[in-house]
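> pasting the sequence and the predicted model now:
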Amino acid sequence: MDADLIPEPEQPIPSLSVSSGQGLLQWISSVDHKQLGILYLCLSLLFMVLGGISIVLARTQLFLPDNHFLSPQAYDQLFTMHGTTMIFFVLTPAIFGLASYLIPLMIGANDLAFPRLNSFSFWITAVGGFLLYFSFLAGGAPAAGWFNYAPLNEMNYSSSPGVDYYCAGLLLGGIGTVSASINFIVTILCNRTKTMGMRQLPMFVWMVLINSFLVIASFPSLNAALAMLLLDRQLHAHFFTAVGGGSSILWQHLFWLFGHPEVYILILPIFGIYSEIFPVFSRKPVFGYNTLVASGIAIALLAFGVWVHHMFATGLGNTVNDFFSASSLLIGVPTGIKIFNWLATMHGGSLRFPVAMLFSIAFLVEFTIGGLSGISFAIVPIDWQLTDTYYVVAHLHFVFIGGSLFGLFAGLFYWLPKITGRYPDERLSKWFFWLFVIGFNLTFLVQHALGAMGMPRRVYTYPDLPGWAILNQVSTIGGYLMAVAVALLIYILVKTVRRGAPAPGDPWDADTLEWSTPSPPPLKNYDAVIPVASARPFRDYKRPEETAGEIVKDRRGRHLNIYTVMMQLLVGTEAMFFLCLIMAYVYFAYKPGYQGAPLAHLDIRSTGMFSLALWASSFSWWRVERTHTRMSNRRARNWLIVTIVLAIVFLCGQAKEYASLLHDGVDPSTGVFGTSFFTLTGFHGLHVSIGILIMLVLLWQFIARRKTIPAPIMRAVGIYWHFVDIVWVFIFAIVYAIPHLEKISS
Amino acid sequence: MMQPIEDPKRVKSVFCLAAACLLLLASCSMPYWPMSDHPVSLHMVVHIMLFLICGPLFVIGLPARWHRPWLLRLSRFLFTHRWLAWLGGTAIMWIWHVPVFYNASMVMHGFPLFSFFHQVSLVAGGMLFCWPLFAPYPLYRIHPLGGILYLATSCISCSLMGLLIAFTPQHVYRHSGQEDLQTAGLIMWVPGCIIYLSGCLYLFWLWLRKEREDIAIISPINKYQ
């Protein structure tokens, strides 16, 4: 039956026919990493057109001073949708598309570790994007900017459902991004060809690996902030409303705790792309492989220590500003190291200049400009002067376009012959390059001047002050040129797929494993993988006479189980999520004027009792695993029942406590205690409930199907369950025990 | 079976232990911090010195002649339960900054026994935390790349604690001024993280060196052609 509905794929790139099982249905049902990678790239292109249209309209509005082409409300919606779309649904899916397509090919694997999870990640991201755009039909798109500051994002100031769609869309996109990152990490760590060690990883794979850790550490903060905002808007909670004791600045902290690492999430994999392209088109190995990896790690770590520079203008105090000014200057160092690495790679090389290389060289110039303007923001007085002006707009576009998008274009033109099996039209591609680069510089270079002259961003029109009109007109004309360039790109892509000259497996005389496959690669990537002795395995294979010193060995080391690693990563990202909720609770608990008086309502003894039941379930689960490993299914089943009962006892205790609080008139809308208490314990309760469901499924497997469950799956469930119990230790300490101790000590 | 113990070079061992003892002495001889102008900042500097510098120095400098079977068992246990070392070390650091414990420590700090316990707990926490990274038995050390992850997650925890302290209202911590509190939180946040980052880069260097040593024992690629 299933086979009739979803036939096995036969072609690497199915058609778009709706009458055949090998057409559109194949794309929709695909779990192949290459097809999903292409879908990610198409999704990104679709949203690039939508986000592009919105900003072309906005720039048209700014073409003349005192213009009324768009209303202020429409303008606000357009620039908000532009920023949100480009960051979350253009750059992110494009990076993840290339990663999904290339990682298995580059490490000698036949697919990602969890192909269905890859499909889930793509489709949930797509649904998130479509949901965001559905807001136009549902009463109005979000209009509070891409970082959606509080309290503007609250119901009192943004009463249309746009912000709710923003939250829902980004939450879904965030879930897709985190799950895809977990998939990438597991694949890279567990599924490499056995002769490929970590030092033989292609630089793109290294950067995706580091980036994926960055994603799973930083996205939970956004997800927590979005969940809090939804609670504020839908249940009248008070996380970000000063009236109920909340704090608007908390939104900024949570958002930029995600938002600054997000800048690196959008650039680290791109650094990996450049590190693939420069050596191939310079016909040299990359200069400083080790320092490139080390600087990537340094950037990822420093990314968590600089976010406050986005908040210099919020009045946090000179002490705070001084520290973050210093740390923000510091992060320029590893990035600078990379730039010198690429320059040194080109130095003395035999250079070729196809479009991929042209974009890479343009990146060196544009990104350096963006980096330098970024460093100027680390100097607090300059930041105060220029914040929320067009100088910021210019800076971030030089980073996101001059850095990330140029890299994506470079990667697209580099790997397009591999993906499609055809060469793009080189002449048209160069036209595209020059149109885009000229348009980009016209649009954004002048915005530095506009910002310095004091033109604020996010205003729908401006007075006819000296110089403002002409600079805005240049900027708008540049924007039109970029729009034309993107239209040309779409034409080039369609033409390549339909009529491009056939490309061989290795069109660029490249170094990494993906080029050892035919173009496009077959459905099953590899029957046999060539031995890997260095970071340039395909070159070693093609030129054995030059590789006498290289060596091959089984480098995969200790075998890691994919289920265990996946669950450890999931638990890691969930831990970050709970950390954000706990921090919010603590932040409110010590805020002046806090009116929680939680001890009046919370019964530490009764909670202690049902907490003991939860912690005891960790022991009983340990017994489940022990008895299961000893092949005693009956005993394992009995201990499993004990675990489930203990977990249900905990949930019942929590329900009783909720009933008592609600009876006393404490609910999420009564103040920050109710808001943060119900959110924190509610999310924990949700995790307990999910754990119970998983255990019920296992019980069903034990009883009804009498199946032996593989030990790694039991181990993975165990990791989850112990995590849920450990989180409750912290919640119990912070919500119950410490206030109790404080009461005693006072 | 006894595992080979790595005996640090005598100079390295003496240097590490001497530096650790000096830091410990320095932290003891600091002005009685509850009475200083910047009590929380000073407290934080002491914490970072003891936990992030002193503890690791003691572990790295442990000479082979101090080897005892229980050390081997401890190393094996902390290697297999590295999450416990992480959690234990991090928890000790967090607990001393929970306002109720911090304020109690301000009151109790006049008692030498309490001061001793406070400082020893931090050094012990630091040793516990870094044991899986620098255990005297190379077999029971985390893989350097895993170690980077170990430190990176701890760096995030340290940042968040610094954040909370930096933005906590003045009245929460006894005898503190707002600027003092901010400085304290920021010391934990920024320089603290830079220490973790340095540790990550050191582990990365160790990994590179280990890979090179491994390479020296294997055969050339042409055998496989």
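The structure has been received and is ready for your questions.
> any weak-confidence spans in the chain?
In the absence of a named chain, this looks at chain A. For chain A, the stretches with pLDDT under 70 are A:1-7, A:547-558, A:593-600, A:705-707, A:746.
> switch to chain B, that's the one I care about
Using pLDDT under 70, chain B drops low at B:1-9, B:30-37, B:109-110, B:175, B:211-225.
> quick one, helices of it?
In chain B, the segments counted as helices under DSSP state H are B:10-29, B:39-47, B:55-60, B:69-80, B:82-95, B:99-108, B:112-134, B:144-166, B:178-215.
> quick one: closest of those to residue A:659.
helix B:99-108 (29.5 Å; Cβ to Cβ). No exception for glycine: its C-beta is placed from N, CA and C like everyone else's.
> so what does that closest one touch, helix or strand wise?
With contacts defined as 3 or more Cβ pairs under 8 Å, 6 or more residues apart in numbering or on different chains; DSSP states H and E, the packing partners of helix B:99-108 are helix A:738-745, helix B:112-134.
> looking at those, which is buried most?
Greatest average neighbour count among the helices and strands packed on helix B:99-108 goes to helix B:112-134 (a mean of 20), per mean count of other Cβ atoms under 10 Å in any protein chain shown.
> how far off centre is that helix?
Relative to its parent chain, helix B:112-134 has a centroid offset of 8 Å by Cα atoms, centre = their mean, to the nearest Å.
> number of residues surrounding residue A:408?
A count of nearby residues for residue A:408, using other Cβ atoms under 10 Å in any protein chain shown, gives 25.
> any idea which element it lies in?
According to DSSP states H and E, residue A:408 maps onto helix A:406-420.
> next, the buried residues of that helix.
Within helix A:406-420, the residues scored as buried using 16 or more other Cβ atoms under 10 Å in any protein chain shown are A:406-420.
> need the contact list for residue 89.
All of this refers to chain A. A:43, A:44, A:47, A:51, A:125, A:128, A:129, A:132, A:173 (Cβ atoms under 8 Å, 6 or more residues apart in numbering or on different chains).
> hmm, I had chain B in mind actually
Going by Cβ under 8 Å, 6+ apart, residue B:89 touches B:51, B:125, B:126, B:128, B:129, B:130, B:154.
> ditto for residue A:18
Going by Cβ under 8 Å, 6+ apart, residue A:18 touches A:24, A:25.
> for it, helix, strand, or coil?
Assigned with DSSP: H, G, I helix; E, B strand; the rest coil, residue A:18 falls in the coil class.
> for residue A:64, grab the count of nearby residues.
The local packing of residue A:64 (other Cβ under 10 Å) involves 16 other residues.
> just residue A:642 next, same as before
17.
> the stretch 201-350 of chain A: helices as residue ranges?
Ranges of helices in the stretch 201-350 of chain A, per DSSP state H, counting those that start in this stretch, are A:203-235, A:248-265, A:268-282, A:289-302, A:318-330, A:332-346.
> how about a markdown table for those, with mean neighbour count and distance to chain B added?
Formatted as a markdown table, these follow (neighbours: other Cβ atoms under 10 Å in any protein chain shown; distance: least, Cβ to the nearest Cβ, whole Å):
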| stretch | mean neighbour count | distance to chain B |
| --- | --- | --- |
| helix A:203-235 | 24 | 6 |
| helix A:248-265 | 23 | 7 |
| helix A:268-282 | 27 | 14 |
| helix A:289-302 | 22 | 5 |
| helix A:318-330 | 19 | 4 |
| helix A:332-346 | 18 | 10 |
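> was I right to think residue B:197 contacts residue A:299?
No - using Cβ atoms under 8 Å, residue B:197 makes no contact with residue A:299, being 10.3 Å away.
> show me how far stretch A:667-676 is from its chain's centre.
Worked out by Cα atoms, centre = their mean, stretch A:667-676 lies 30 Å from the chain centre.
> same check on stretch A:170-178?
7 Å.
> just the CA trace of it, in PDB.
Output in PDB follows, covering the C-alpha atoms of stretch A:170-178 (Å, rounded to 0.1, in the frame of the first residue of the first chain):
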ATOM      1  CA  LEU A 170       9.700  31.700  14.100                       C
ATOM      2  CA  LEU A 171       9.000  29.000  16.700                       C
ATOM      3  CA  LEU A 172       8.400  26.500  14.000                       C
ATOM      4  CA  GLY A 173      11.400  27.700  12.000                       C
ATOM      5  CA  GLY A 174      13.500  27.500  15.200                       C
ATOM      6  CA  ILE A 175      12.400  23.900  15.800                       C
ATOM      7  CA  GLY A 176      13.300  23.100  12.300                       C
ATOM      8  CA  THR A 177      16.700  24.800  12.600                       C
ATOM      9  CA  VAL A 178      17.600  23.100  15.900                       C
END
